[in-house]
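Novice: Only the shape, not the letters, is given here:
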């Protein structure tokens, strides 16, 4: 544990995850090009990203069960191979139907990587460094978004659709080779965790993981923190900035790196806070969600075109959502035995992507509806008008708000379980803060 080989596994595995994020976000900078290449409405364009996330989310629980049964290396090999096939398909897709198939393959492959890496971290490391490594994994992976937003966007602009996605395919193939050569499930000589030997026992293990309130708390934490940034960077942020705000394409693509930079700063801080204050993790999650809600409210309610500084602020706050979502996996780690961590992590990882594809699709539908009403009233078509984006983006408050309600309810059940089973009482944050202030006033 925590050896040089552990760090090598972590470093190379992080590159594989970086590649997966690049494949996932490659469509975000190609939204305008996809409209030109395949035509269609906003809802049709959103289907490219939505179907990818549907496959990703739907695969999470089966992938988690497979990790528990066969180990993360096998799943990472299958995942990188699927991403190679998916990006190659998209590179030469002659129609939207073939493009959708390519994105489905990318989504299926991407689904295997992150929770496999979370399992590798718990197998190769121990101690308080584990939650911090999870944050570093997320941050390193998000550099894949930088690769798609800058060099890949430049290749797309200079050389076109097919060369850009062939480059993405090459990166995915390199990741496949890295897994073959370097990744191992566990340190040599370590005791193997008992794996389920039948599908029945694997499904029973999944049922037990899902039933634990801590796993559910991880699901809702991921649901409310990860989704807003995903829908912005993966699909709707680029058209919003180019058409709604009037930014140049190159500038909009570069701005998609701001959430990554913000995540690089926030991730280590959140990792330390999570390790030092494990009983206050849900408060950290709620603080991040409140910040995102306030930033979105300012942008959507601004009476004229929002100023540049406000869009930058929004992107910075959205950047905190990525590392914030990783707190959900720390809930899964602490409330589940290691033998069922794959299943538990799969359940958690469904949350944010479920919220993301629901909101992505609804935003596309709302943009189409408003453009249809505008044309029926005799106006000119303006699919990506700023006022249309204001209404469409507001759907986040409904979806994420419902997730916050579920998170608070699940937190109550989790705290009751801790009190009943372990005698740990977790007072509300304001009560704990008032106690500390009184103790400090008494000089204790």
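Specialist: Sure, I can see it. It should be emphasised that the depicted structure is a prediction, and the values quoted were computed from it without experimental measurement.
Novice: which helices and strands does the helix or strand hosting residue 344 pack with?
Specialist: Secondary structure from DSSP states H and E places residue 344 in helix 341-376. If you count contacts as 3 or more C-beta pairs under 8 Å, 6 or more residues apart in numbering; DSSP states H and E, helix 341-376 packs onto helix 42-70, helix 113-124, helix 199-211, helix 213-231, helix 327-335, helix 386-393, helix 395-422. Yep, even glycine has a C-beta here, placed from its N, CA and C like the rest.
Novice: report the angle between the axes of the third one and helix 327-335?
Specialist: The reference is to helix 199-211. 110 degrees (axes from the mean of the first three to the mean of the last three C-alpha atoms, to 10 degrees).
Novice: for helix 199-211, what is the average pLDDT?
Specialist: When pLDDT is averaged over helix 199-211, the result is 75.
Novice: For that helix, which outside residues touch it?
Specialist: If you take C-beta atoms under 8 Å, 6 or more residues apart in numbering as the criterion, helix 199-211 is touched by 61, 64-65, 68-69, 196, 215-216, 332, 336, 339-340, 343-344, 347.
Novice: any idea which of these is least confident?
Specialist: Lowest pLDDT among the contacts of helix 199-211: residue 196, 63.
Novice: leaving aside the residues next to it on the chain, what's closest to the spatially most central residue of the chain?
Specialist: In the chain, the residue lying closest to the centroid (C-alpha atoms, centre = their mean) is residue 226, at 5.1 Å. Sequence neighbours aside, residue 352 is the residue nearest to residue 226 in space, at 2.9 Å (criterion: C-beta to C-beta, 6 or more residues apart in numbering).
Novice: for residue 274, same thing?
Specialist: In space, residue 274 is closest to residue 131, 4.7 Å off (C-beta to C-beta, 6+ apart).
Novice: helices and strands around the helix or strand containing the one you found, which ones?
Specialist: In this assignment (DSSP H and E), residue 131 forms part of helix 129-149. Judged by 3+ C-beta pairs under 8 Å, 6+ apart, helix 129-149 is in contact with helix 4-25, helix 113-124, helix 258-276, helix 308-325, helix 327-335.
Novice: List the buried residues for the fourth one?
Specialist: For helix 308-325, a neighbour-count test (16 or more other C-beta atoms under 10 Å) marks 311, 313-325 as buried.
Novice: Show me what it is packed against.
Specialist: helix 129-149, helix 213-231, helix 249-255, helix 258-276, helix 281-301.
Novice: what mean pLDDT does the shortest one have?
Specialist: Taken as a whole, helix 249-255 has an average pLDDT of 86.
Novice: ok now that helix, how far from the chain's centre?
Specialist: On the basis of C-alpha atoms, centre = their mean, to the nearest Å, helix 249-255 sits 21 Å off its chain's mean C-alpha point.
Novice: if I look at residue 185, how far off is residue 137?
Specialist: According to C-beta to C-beta, to the nearest Å, residue 185 and residue 137 sit 17 Å apart.
Novice: swap in residue 376?
Specialist: 49 Å.
Novice: who's more crowded, those two?
Specialist: residue 137 (24 against 8; other C-beta atoms under 10 Å).
Novice: Spit out the contact partners of that one.
Specialist: Counting by C-beta under 8 Å, 6+ apart, residue 137 has contacts 10, 13-14, 17, 114, 117-118, 121, 326.
Novice: Export the residues you listed as CSV, with columns for pLDDT and neighbour count.
Specialist: Formatted as CSV, these follow (pLDDT from 0 to 100; neighbours: other C-beta atoms under 10 Å):
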residue, pLDDT, neighbour count
10, 94, 18
13, 95, 27
14, 95, 20
17, 95, 24
114, 90, 25
117, 94, 26
118, 89, 31
121, 91, 27
326, 88, 28
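Novice: Would you format the residues you listed as a markdown table with distance to residue 241 included?
Specialist: Listed next are the contacts of residue 137 as a markdown table, based on distance: C-beta to C-beta, whole Å:
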| residue | distance to residue 241 |
| --- | --- |
| 10 | 34 |
| 13 | 33 |
| 14 | 29 |
| 17 | 26 |
| 114 | 27 |
| 117 | 31 |
| 118 | 32 |
| 121 | 35 |
| 326 | 26 |
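Novice: What's the local residue count around the spatially closest residue to residue 248 that is not a sequence neighbour?
Specialist: Nearest residue to residue 248 in three dimensions, chain neighbours excluded: residue 242, at 7.7 Å (C-beta to C-beta, 6+ apart). Neighbourhood size, residue 242 [other C-beta under 10 Å]: 18.
Novice: What is the burial count for residue 90?
Specialist: 29.
Novice: for residue 418, same thing?
Specialist: 17.
Novice: Report pLDDT for it.
Specialist: 78.
Novice: Now do it against residue 243, distance only.
Specialist: Residue 418 is 49 Å from residue 243, by C-beta to C-beta.
Novice: swap in residue 234?
Specialist: In terms of C-beta to C-beta, residue 234 sits 17 Å off from residue 243.
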